[in-house]
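A.B. asks: quick one: sequence plus predicted model below, questions after.
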Amino acid sequence: DTGVSQNPRHKITKRGQNVTFRCDPISEHNRLYWYRQTLGQGPEFLTYFQNEAQLEKSRLLSDRFSAERPKGSFSTLEIQRTEQGDSAMYLCASSPSGQGRQPQHFGDGTRLSIL
Amino acid sequence: RKEVEQDPGPFNVPEGATVAFNCTYSNSASQSFFWYRQDCRKEPKLLMSVYSSGNEDGRFTAQLNRASQYISLLIRDSKLSDSATYLCVVNRNTGGFKTIFGAGTRLFVKA
């Protein structure tokens, strides 16, 4: 399977715990994006990388959230001190560069539930 | 007001019907446009890019009207399998790059 891969598929944790999600993009794509989606809403942009550089961060990405893409391949999204409002689907997407004109391809997502 | 707005629906149509969705965007600097479909509890999947001249892919036709700042999606001869949420997506690159999704329009096609 050469699509975008996300792990884990589901994560259940208690409030206050830290969680980390992983995304492996399509191998030839140098852009990688993170989104959060809650029920009944479209995905909300969190951040994106061009290779290893994090070029944009939404104000939705509070100081409890951090994302990395150290070698320009896979990326991790960490949420520290989780809160119930963090419960959502976290989606990763990738695309070739092309000044934003290339469509993004999504992984299956990680569904986070905070107890 | 949201930057990308869609009628949430739901649209309930019989098989074989033609249905159209509109999406409006507020930032005139928006540069690229897409339609995605999303099935329940699944990831969004690209349906089609939207080009200035309009484009067609089988039963699906997309149009862009930059002057009025809206895009549309027309589905002809609806199939049961077209039942999904259709997401309008806009990319802009002013004040930083950002991708904005609409909240989606739900479509139910019934036999």
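C.D. replies: Structure received. Residues are numbered from 1 along each chain as shown, chains lettered A, B, ... in the order given.

A.B. asks: confidence score at the residue of chain B found nearest chain A?
C.D. replies: Proximity of chain B to chain A (CB to the nearest CB) peaks at B:Phe101, 3.2 Å away. To be clear about C-beta, it is placed using only N, CA and C from the backbone, and glycine gets the same treatment. B:Phe101 carries a pLDDT value of 96.

A.B. asks: likewise for A:Asp1?
C.D. replies: A:Asp1 is given a pLDDT of 54.

A.B. asks: circling back to that earlier point, from what I see, the residue of chain B closest to chain A and B:Val4 are in contact.
C.D. replies: Yes. Taking CB atoms under 8 Å as the definition, B:Phe101 is a contact partner of B:Val4 at 6.6 Å.

A.B. asks: who does the residue sitting nearest the centre point of chain A bridge with?
C.D. replies: In chain A, the centroid-proximal residue (CA atoms, centre = their mean) is A:Trp34; its distance is 3.1 Å. Beta bridges link A:Trp34 to A:Thr47, A:Cys92 when assigned by DSSP bridges.

A.B. asks: distance of it from A:Gly98?
C.D. replies: 19 Å (CB to CB, to the nearest Å).

A.B. asks: what about residue 54, neighbour count?
C.D. replies: Looking at chain A here, since you left the chain open. With neighbours defined by other CB atoms under 10 Å in any protein chain shown, the count for A:Gln54 comes to 17.

A.B. asks: sorry, I should have been clearer: chain B.
C.D. replies: With other CB under 10 Å as criterion, B:Gly54 counts 14.

A.B. asks: for chain A, what lies in contact range of chain B?
C.D. replies: A:33, A:35, A:40-45, A:48, A:55-56, A:58, A:91, A:99-101, A:103-109 (CB under 8 Å from any CB of the partner chain).

A.B. asks: hmm, try it at 7 Å
C.D. replies: Residues of chain A lying close to chain B by CB under 7 Å from any CB of the partner chain are A:33, A:40-43, A:45, A:48, A:55-56, A:91, A:99-101, A:103-109.

A.B. asks: of the residues you listed, buried ones?
C.D. replies: Buried by 16 or more other CB atoms under 10 Å in any protein chain shown: A:33, A:42-43, A:45, A:48, A:56, A:91, A:100, A:103-109, out of the residues of chain A next to chain B.

A.B. asks: now tell me what touches the helix-or-strand element of chain A with minimal mean pLDDT from outside.
C.D. replies: Within chain A, no helix or strand scores below strand A:53-57, which has a mean of 88 by mean pLDDT, DSSP states H and E. With contacts defined as CB atoms under 7 Å, 6 or more residues apart in numbering or on different chains, strand A:53-57 is touched by A:47-49, A:67, B:96-98.

A.B. asks: most neighbours out of the residues you listed, which is it?
C.D. replies: A:Tyr48 (28 neighbours).

A.B. asks: before we move on, back to that, narrow the residues of chain A next to chain B to those in strands?
C.D. replies: A:33, A:45, A:48, A:55-56, A:91, A:105-106 (DSSP state E).

A.B. asks: what is the nearest of the residues you listed to chain B?
C.D. replies: A:Phe106 (4.1 Å).

A.B. asks: low pLDDT regions in the chain?
C.D. replies: Here I'm looking at chain A. A:1, A:99 (pLDDT under 70).
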